[in-house]
Structures are given as structure tokens and as C-alpha cells.
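Peer 1: Any chance you could fold what I've pasted below:
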Amino acid sequence: MRTFDSLSEQEVLALAISLEEEDERVYSDFVESFRKDFPATAAMFDGMRQEESTHRRRLIELYRGKFGEHIPLIRRGDVKGLVNRRPIWLMQPLRPEMARRQAATLEVETRIFYEKAASRTRDASIRQLLNDLAQEEREHETRAEELGRDKLDPEARGAEEEATRRLFVLQIVQPGLAGLMDGSVSTLAPVFAAAFARHESHIAFLVGLAASLGAGISMGFAEALSDDGSLTGRGHPWVRGLVCGLMTTLGGIGHTLPFLIPSFNVAALVAVIVVVAELGAIAWVRHRYMESPWFSATMQVILGGALVFAAGVWIGSS
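Peer 2: Numbering: from 1, shown residues only. Have a look, this model is predicted:
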């Protein structure tokens, strides 16, 4: 790697062209990422892409006039002090807020580069262009806000917020709710069967712990392997699997922990209270995010939980 101070003016211009091409590609990736679900944000980043394209053309015109047609390929990774950026395609699913923060960081880095490059060049025309570009990058954040106000009117912002909510429900709430329901309901039978079969808190706790962890691992892998999210828009499969697995385990652990209480009768009473709270939480999530009516959401969850609970008690008592 070369140090920045060792670069000639020709090499500095070649590097600047490469950086502008990279920035333009980043904004193009943002545009493609948001074109479907966030068209207003995509239009905003397309405006920023066009500005970066203008910067690149001005740099190329100056380079041609000074050094000819051949532009050596000098990349970010060839020069010490320039931070390597994580590729956009590895940051999926990408949220508009994350992209805006990424763009702000990108503009600051580019401005600092132009300011440092301008301070060490002796050619007046090169210095002038680099200083101009540094000033434009300094104003780019303000320009981004102007583009945002232009493209993201209240109606567009409302539509994008609704799209964000739908993606959150699809990628996080749905797998989490599926895991919470499975963990809370499916582990009721083995936990309470073991509890009422032996009337020993310790045995019930061990069975509940094993059932919760086993169900969490099983549900996590099942969700992760169900689809890769490329066609359904459900997000990264392993993120969904992790959410589903953790919520499944949490759903089972909730009514298992009370059996750490030595007194069986007290532990069983607390566990029943926890079960009621878990079922109420599931009904609330279904009503809040899945738009299920309160009555139907509550009755479905309580009826299912009550049947599984009764089965566990009946089997354990027989």
C-alpha cells in the first residue's frame, strides 16, 4: 500500500475519479434497494447519484487536459488511511435510515479527502477543482435534506413508514410471534404433565428447560430453512431463524422458571399465572401487529392454550 502523501498529482486525480465512481455505485445500489418499497427515498438517492456522476465527469475532464486519456486504476484499498467500506449487498435487508446514515458518513469521508488533496497540490487548476468539490461535499448533506424535502413529502413519508411497518411485521414480528406461540403453547403439556406426575418442582423445571431449548432449536432451524427471503421479502433467513428460535425458547422458559421455587404448590400457581400472562401477550401482539380483532385473537390463543394445558394436567395426573 502507498501512503497518501507519496501520491503524485496525477495519482491523486486518478484516485479521486475511482472514489467518485465508487460513491456513484453506492448510491445506485441504494436506488435499486429502495425502488420497490421506498420509491421516494430511491428518488432522493438517485439525485445524489447524479451529483456524484457530475463530480466524476469534471475530474475526468481535468485529468484528460493534464495527463492524457489513460487513467490508472488506483483504488481505495491501495492507499493507507482510506477506510474500506462494507459492500451494500452484504448489508441486506437495508433500511432507509441506515442508508441515510451511510450516505452522511460517505460525504464526510469524501470531503476530508478533497480537503487534504487540495492542501498538498501545487497545480492551481487541480487545487481549485479539489477545493470546489470539497465545498460541494460539505454542502451535500444540506442538499440531501433538500432532496428529501422535495421527494419525501408528507404523503410519501407516510407511505414509506407504512412500508417499513409491513417489512418489520413480515421479517421480525411474524417469525417472533410464531416462535412465541409455539414455545408458550407446545411446552405446556410436557411441563405440567411432568409437574403433576411427580409433584416435584425440580423435575418439572428440567423437563420444561429441555422442552424449551429443544423447541427453540427446532423452530429456529425450521424458520431459517423455510425460504431464503429472496422471493417472499421476508428478510435474511438466519435472522428470522434466530428471532423465531429465541422467542420459542423464551415462550417455554417463562412458565418453566417458576418451578425453581421449592414448594410445588406455590411453583404451580405462579406458573399458571405466567401462562395467563404469556397468552395475553400473544393475543396483544396478534391484535397490535397482525390486526386481529381483540375478541377473536384472545379466544383463539386462550382456547388453544387451555386445551394443551388441560391435556398436560390430565396426562400427568393419570
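Peer 1: all helices for the chain, in order.
Peer 2: Per DSSP state H, the chain carries helices over the ranges 9-34, 39-67, 96-119, 124-151, 154-168, 174-186, 188-198, 201-226, 237-254, 264-289, 294-317.
Peer 1: so which of the ones you listed comes closest to I88?
Peer 2: Closest to I88 of the helices of the chain, according to Cβ to Cβ: helix 9-34, at 4.0 Å. The way it works is simple: take the backbone N, C-alpha and C, and place the C-beta from them, glycine included.
Peer 1: what about E97, how many neighbours?
Peer 2: 10 (other Cβ atoms under 10 Å).
Peer 1: my bad, should have said S119
Peer 2: Neighbour number of S119 under other Cβ under 10 Å is 11.
Peer 1: gap between it and L82?
Peer 2: Shown here: S119 relative to L82, a distance of 16 Å by Cβ to Cβ, to the nearest Å.
Peer 1: repeat for A267
Peer 2: To L82, A267 is 60 Å away according to Cβ to Cβ.
Peer 1: Could you do E52 as well?
Peer 2: Using Cβ to Cβ, E52 is found at 17 Å from L82.
Peer 1: cool, G251 as well?
Peer 2: For G251, the distance to L82 equals 47 Å [Cβ to Cβ].
Peer 1: Test for you: state the pLDDT assigned to W294.
Peer 2: At W294, the pLDDT value in this model is 71.
Peer 1: typed the wrong thing, it's S317
Peer 2: At S317, the pLDDT value in this model is 78.
Peer 1: go on, R149?
Peer 2: pLDDT, R149: 53.
Peer 1: Also A118?
Peer 2: Looking at A118, its pLDDT is 89.
Peer 1: Could you check how many residues crowd around it?
Peer 2: Neighbours of A118 under the rule other Cβ under 10 Å: 18.
Peer 1: likewise P87?
Peer 2: 10.
Peer 1: just S28 next, same as before
Peer 2: By other Cβ under 10 Å, neighbour count at S28 equals 16.
Peer 1: Skipping adjacent residues, who's closest to it in space?
Peer 2: In this structure, S28 finds its nearest non-sequential neighbour in R49, 5.6 Å apart by Cβ to Cβ, 6 or more residues apart in numbering.
Peer 1: State the distance from the one you found to A104.
Peer 2: From R49 to A104 the distance is 15 Å (Cβ to Cβ).
Peer 1: These two: who's more crowded?
Peer 2: Neighbour count, other Cβ under 10 Å: between R49 and A104, R49 has more, with 19 against 13.
Peer 1: Quick check, that one in contact with V31.
Peer 2: Yes - R49 lies in contact with V31 (Cβ atoms under 8 Å); the separation is 6.4 Å.
Peer 1: G251 and L82 - which one has more neighbours?
Peer 2: Each of G251 and L82 has its neighbours counted (other Cβ under 10 Å); G251 has more, 29 against 16.
Peer 1: Could I get the contacting residues of that one?
Peer 2: G251 makes contact with G179, L180, M181, D182, G183, S184, V185, T187, S212, E278, according to Cβ atoms under 8 Å, 6 or more residues apart in numbering.
Peer 1: so who does the fifth one touch?
Peer 2: Under the criterion of Cβ under 8 Å, 6+ apart, the contact list for G183 reads S212, A215, G216, M219, M247, T248, T249, L250, G251, G252, I253.
Peer 1: so where's the stretch 201-318 of the chain uncertain?
Peer 2: Along the stretch 201-318 of the chain, the model assigns pLDDT under 70 to residues 226-236, 290-291, 297.
Peer 1: neighbours around Q135, how many?
Peer 2: Q135: 13 surrounding residues under other Cβ under 10 Å.
Peer 1: Apologies, that question was intended for P293.
Peer 2: Using other Cβ under 10 Å as the criterion, the residues surrounding P293 number 10.
Peer 1: Apart from its neighbours in sequence, what residue is nearest it?
Peer 2: Distances taken as Cβ to Cβ, 6+ apart put H287 closest to P293, at 7.2 Å, once the chain neighbours are dropped.
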